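**Student:** build me a model from this:
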Amino acid sequence: MMMAVMALALTSAEPVTLERVFRQGETSTYDFTTRIMLDAREYPQETFFPVNDQVYYTFTLTTERLKPDGVADVRFKRNKVTIRYGERFDEPPKEEKVGRDESLLFTLSRTNQVLSLRDESPKPPPSGGGLRSAMLRNASPAAAEMAFDIIDDWITQMHQLAGFVNFFDLGPILPAHPVEPGGTWKETVGYAPVTVAEGADKGRTLNARIDYVYTFMGEANHGGRAVYHIQGTYKQDTDAAKYIEDLLNEARMASPFKEIRLQMEGKVDYYLDKSTCAVIRINAEANGYFGLTVNELPDAPVMEEKIKSRASLTRK
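**Tutor:** All right, here's what the predicted structure looks like:
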């Protein structure tokens with residue numbers, strides 16, 4: 001049963017130092033689950049076809065070695081990931097395990113930054129693309145081969161941001177300085193093309209960062225226990241057609257695209273142990289839209305996806 005989480009105001013407006021405290025030999029076990037709801041259509045269809053998939057996995061974090069300045073070597077261990085595919089128009093629901101058994105050694109700082117990573121998994125990565133390929137296998141098909149060749153990375157990024165798989169397993173990045181309730185800091189989680197509206201680069205289309213903005217919300221009550229609450233948000237709203245047009249013009253090719261709309265918005269609530277800033281629970285949700293409109297059929301998108309998702313991570 002999901003525990004109720006209620007936000008409370010801090011009793012003091014004094015800045016708080018949010019610092020990850022590791023303890024030698026400590027092991028925590030977490031359950032992750034996400035539900036991805038996708039509605040997709042492709043010209044000449046007018047009806048959206050729904051897809052409802054779920055991803056599950058359990059993993060452990062073990063502090064193997066403490067180092068100076070609060071740095072620690074932390075072992076991440078996870079068996080294969082379970083994907084439960086919802087019913088399609090041409091096949092019934094099914095479940096499969098994808099990826100590989102993983103054993104990763106992270107070196108983490110007091111702000112939860114990854115300083116180094118060593119892959120000590122017992123098996124090499126599969127050649128077929130593993131989890132990424134399995135999750136994208138049922139994405140909507142390309143309106144044209146050229147379209148998918150150019151925008152595949154953006155579609156992949158949208159699905160990854162929506163699914164939250166591997167997104168917050170290690171917890172949030174913490175601020176380098178004391179922070180008051182309402183204080184913010186940022187982390188880059190992706191890139192998307194934007195057309196500059198003003199300044200020296202006005203009219204140019206550049207590959208800009210997608211910033212993940214953390215906000216310290218203060219204290220919250222989680223199951224009768226006082227915890228720290230951090231909220232992370234990201235937002236993307238881009239028409240990538242100009243970016244593709246510029247690339248194709250350099251190759252002396254005419255662009256077939258009128259609009260490539262990429263929209264994504266997500267929110268993640270982290271609830272942390274006040275003494276160690278270790279994750280107790282994370283709740284997340286996201287909404288997104290992808291629409292591809294071509295010059296030959298300018299009145300409506302020839303391919304569309306609507307994405308919704310909910311995810312959670314719970315310490316057992």
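
**Student:** Leu174 is in contact with Arg110, correct?
**Tutor:** Yes. Taking CB atoms under 8 Å as the definition, Arg110 is a contact partner of Leu174 at 7.4 Å. For every residue, glycine as well, the C-beta is placed using N, CA and C.

**Student:** which residues do those two both contact?
**Tutor:** 19-20 (CB atoms under 8 Å, 6 or more residues apart in numbering).

**Student:** please say which of those two ends up with more neighbours.
**Tutor:** Per other CB atoms under 10 Å, whichever of Arg110 and Leu174 has more neighbours is Leu174, with 23 against 18.

**Student:** what about the more buried one, which SS state?
**Tutor:** Here Leu174 is recorded as coil under DSSP: H, G, I helix; E, B strand; the rest coil.

**Student:** same question, Val194
**Tutor:** strand.

**Student:** with Glu304 instead?
**Tutor:** Secondary structure for Glu304, judged by three-state DSSP, is strand.

**Student:** contacting residues for the nearest residue to it once chain neighbours are set aside?
**Tutor:** Spatial nearest neighbour of Glu304, excluding adjacent residues (CB to CB, 6 or more residues apart in numbering): Gly291 at 4.9 Å. Taking CB under 8 Å, 6+ apart, we find Gly291 in contact with 259-261, 301, 303-305.

**Student:** repeat that with 10 Å
**Tutor:** For Gly291, the contact set (CB atoms under 10 Å, 6 or more residues apart in numbering) comprises 239, 259-263, 300-306.

**Student:** which element is it on?
**Tutor:** According to DSSP states H and E, Gly291 maps onto strand 279-294.

**Student:** that strand: how far from the chain's middle?
**Tutor:** For strand 279-294, the separation from the chain centroid amounts to 8 Å (computed by CA atoms, centre = their mean, to the nearest Å).

**Student:** give the buried residues for it.
**Tutor:** In terms of neighbour count (16 or more other CB atoms under 10 Å), strand 279-294 has its buried residues at 279-286, 288-294.

**Student:** tell me the two of those residues that are most distant?
**Tutor:** Ile280 and Val294 (48.1 Å; CB to CB).

**Student:** distance of the closest residue in space to Asn79 that isn't next to it in sequence relative to Tyr271?
**Tutor:** Leaving aside its chain neighbours, Asn79 sits nearest to Asp101 (5.1 Å; criterion: CB to CB, 6+ apart). The gap separating Asp101 from Tyr271 is 29 Å, by CB to CB, to the nearest Å.

**Student:** of the two, give the one with the bigger neighbour count.
**Tutor:** Counted by other CB under 10 Å, Asp101 and Tyr271 do not tie: Tyr271 has more neighbours, with 23 against 12.

**Student:** surely Glu42 touches Glu304?
**Tutor:** Yes. With contacts counted by CB atoms under 10 Å, Glu42 reaches Glu304, the gap being 8.0 Å.
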